[in-house]
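In: for reference, the sequence and a predicted model appear below.
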Amino acid sequence: MKIKRDKWVWMPHPAHFIYSSYCRFVMATKVGKYIVSTVGEYWPDRKIREIHAEICDLKWFKENKHRLGDDFDHAYMKKFGCEDIGADRKYETIVFKAKKSEKDISCCPYRIIVNKDLDFMSYNKAEEAFKGHYKLCNKFSNK
């Protein structure tokens, strides 16, 4: 039986990836017995980005390490962009089985069962990640 889109539960937080709090692109949707989770645009704290810049382009790092706050962030984004969250990917969608949350949280009453993922897609553009998230939501609404 297909789960209709108006029965999907949209959750306002990421559902997977240990560094998801550093991701600027997150989608989590409960579809029937499953949670479809998409994360991307990983933006770690400055120290991690400095290490990355120093390793990948020492000349750039030496010329820019003095910059403060948004000025450094803007220069870094222009040069390197967001970090990959895995091998050659900026975004990923993973599907997990869902379980009722043990805490009484009205906005997010479901959590993932982490022991096994059921499907996976990877992308390098936000539009692809958005479309891929919906594709897997539709796929698992039929299960």
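Out: Now that the structure is in, tell me what you want to look at.
In: give me the domain ranges for this structure.
Out: 5-42+84-141, 46-79 (automatic domain parsing).
In: deepest-packed of those domains, please.
Out: domain 5-42+84-141 (a mean of 17; mean count of other Cβ atoms under 10 Å). For the C-beta atoms, the positions are set from N, CA and C on the backbone; glycine is no exception.
In: mean confidence for the strand or helix carrying Gly40?
Out: Using DSSP states H and E, Gly40 falls within strand 34-42. Across strand 34-42, pLDDT averages out at 96.
In: distance between that strand and the chain's centre?
Out: 4 Å (Cα atoms, centre = their mean, to the nearest Å).
In: got the CA coordinates for it in CSV?
Out: The C-alpha trace of strand 34-42 is given here as CSV (Å, rounded to 0.1, in the frame of the first residue of the first chain):
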residue,chain,number,x,y,z
TYR,A,34,11.3,4.3,7.0
ILE,A,35,13.3,7.5,7.5
VAL,A,36,14.9,9.0,4.4
SER,A,37,17.8,11.2,5.5
THR,A,38,19.8,13.6,3.3
VAL,A,39,22.8,15.7,4.4
GLY,A,40,25.3,17.8,2.7
GLU,A,41,27.2,21.1,2.4
TYR,A,42,29.5,20.0,5.2
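In: what's across from the residue nearest to the spatial centre of the chain in the sheet?
Out: Closest residue to the average C-alpha location of the chain: Val39 at 1.0 Å, with Cα atoms, centre = their mean. Beta bridges link Val39 to Val26, Glu92 when assigned by DSSP bridges.
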